[in-house]
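In: Sequence and predicted structure are below.
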Amino acid sequence: MAKEPRSLAGKVVAITGGARGIGEATARSLVQEGGKVAIGDLDVTLAEKTAAALGGGTIALELDVTQRESFASFLSQVEERLGPIDVLVNNAGIMPLGRFVDEDDATARRMVDINLHGLMFGMKLVLPSMQRRNTGHIVNIASQAGKGGFPGGATYCATKHAVVGLSEAVRGELVDTDIEISCVMPAAVNTELAAGLVEARGVKKIEPQDVADAVVDALKFPKFDVWVPKVSDAIFRVMTLLPRRGREVIVRALKADQVLAGADSHARAAYEDRASRSEPGIAPERAGAAADAAAAEKVESG
């Protein structure tokens, strides 16, 4: 007998990095499902425009995920205006690219702070309320880079591996509750973050809506591992059966090792500049220097 989908109507959903890309598409889909959505973003002006376009009572709030106080304020305002949070979608993330040995420490810290610590802040802040009510769902947007190592994006891969491991561990700690954790692992998504990436043979970029649809499905039919596209799950399972050298031969044959390392730095220049300024705590001159260094390297990827 088929399981009945859980209704999302009236559910309070908080989405980080919701002003554009995957976050915006997910917010749109959840509004269409009848959810009460709040989007948080460092670019609050764009977030407000996005919220107005989405309608359905969507609210926009300023959020710097690297600051626990900012995240706490965001969640508190969501609860005050919409009610107890039923779903937290940890979507905020950046992907500056380049060779590991050329990466400056400010860029590495920024990635870890946004992609990992920001997500951890959100989970730590929202879980107590969910545990008191014994209900809730946390969706962590990871990446297929969290299941493999791709040259040109070493630190990015490290943060996404951490998100996968963290999600698995917290899921284990919540095993005796009715709180759900989902870990979403998309392939390269057609957003600004993936600008200039090389396409692996036989693998095309997916759209933000594909990820949004997968998130909605995971909320309706709770599951932990959410691969986008779904065929990636089967590919990953087959690859794990092969010895390392066999996997590496296939990766090179498919040019998957060039997806990040061979990215077009000129096509990525605008994104890299914006990503370099995505942490207000970093001095402008350091952020600018990081962006200039990244743009100078053809090997940087997304």
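Out: Structure received.
In: which residues are contacting the helix or strand hosting residue 50?
Out: If you go by DSSP states H and E, residue 50 is part of helix 44-54. Here helix 44-54 makes contact (Cβ atoms under 8 Å, 6 or more residues apart in numbering) with 18-20, 24, 27-28, 31, 37, 39-41, 58-62. Backbone N, C-alpha and C define where each C-beta goes, glycine included.
In: residues of it that come out buried?
Out: 44, 46-48, 50-51, 54 (16 or more other Cβ atoms under 10 Å).
In: ok, of the contacts of helix 44-54, which come out buried?
Out: Those of the contacts of helix 44-54 that meet the buried threshold are 18-20, 24, 27-28, 31, 37, 39-41, 58-62, by 16+ other Cβ under 10 Å.
In: Keep only those of the residues you listed that are in strands.
Out: Per DSSP state E, strands hold the following members of the buried ones among the contacts of helix 44-54: 37, 39-41, 59-62.
In: Put together TSV for those, with pLDDT and distance to residue 103 on each row.
Out: Below are those laid out as TSV (pLDDT from 0 to 100; distance: Cβ to Cβ, whole Å):
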residue	pLDDT	distance to residue 103
37	98	35
39	98	30
40	98	27
41	97	25
59	98	36
60	98	32
61	98	32
62	97	29
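In: what's the closest of the residues you listed to residue 106?
Out: residue 41 (21.6 Å; Cβ to Cβ).
In: mind listing what the closest one touches?
Out: 16-20, 23, 47, 60, 62-63, 92.
In: Can you pull the phi/psi pair for residue 260?
Out: phi -90, psi -40 (degrees, to the nearest 10).
In: Is it in contact with residue 150, as I believe?
Out: Yes: counting by Cβ atoms under 8 Å, residue 260 does reach residue 150; the two are 4.8 Å apart.
In: nearest residue to residue 262 other than its sequence neighbours?
Out: Counting by Cβ to Cβ, 6 or more residues apart in numbering, residue 262 lies nearest to residue 198, which is 4.3 Å off, once chain neighbours are set aside.
In: actually residue 6, sorry about that
Out: The spatial neighbour of residue 6 that comes closest, neighbours along the chain excluded (Cβ to Cβ, 6+ apart), is residue 220 at 5.2 Å.
In: Pop out the phi and psi values for that neighbour.
Out: Geometry field for residue 220 lists phi and psi as phi -80, psi -40, criterion degrees, to the nearest 10.
In: surely it meets residue 9?
Out: No: contact criterion Cβ under 8 Å: residue 220 and residue 9 do not qualify, at 11.2 Å.
In: Much appreciated, bye for now.
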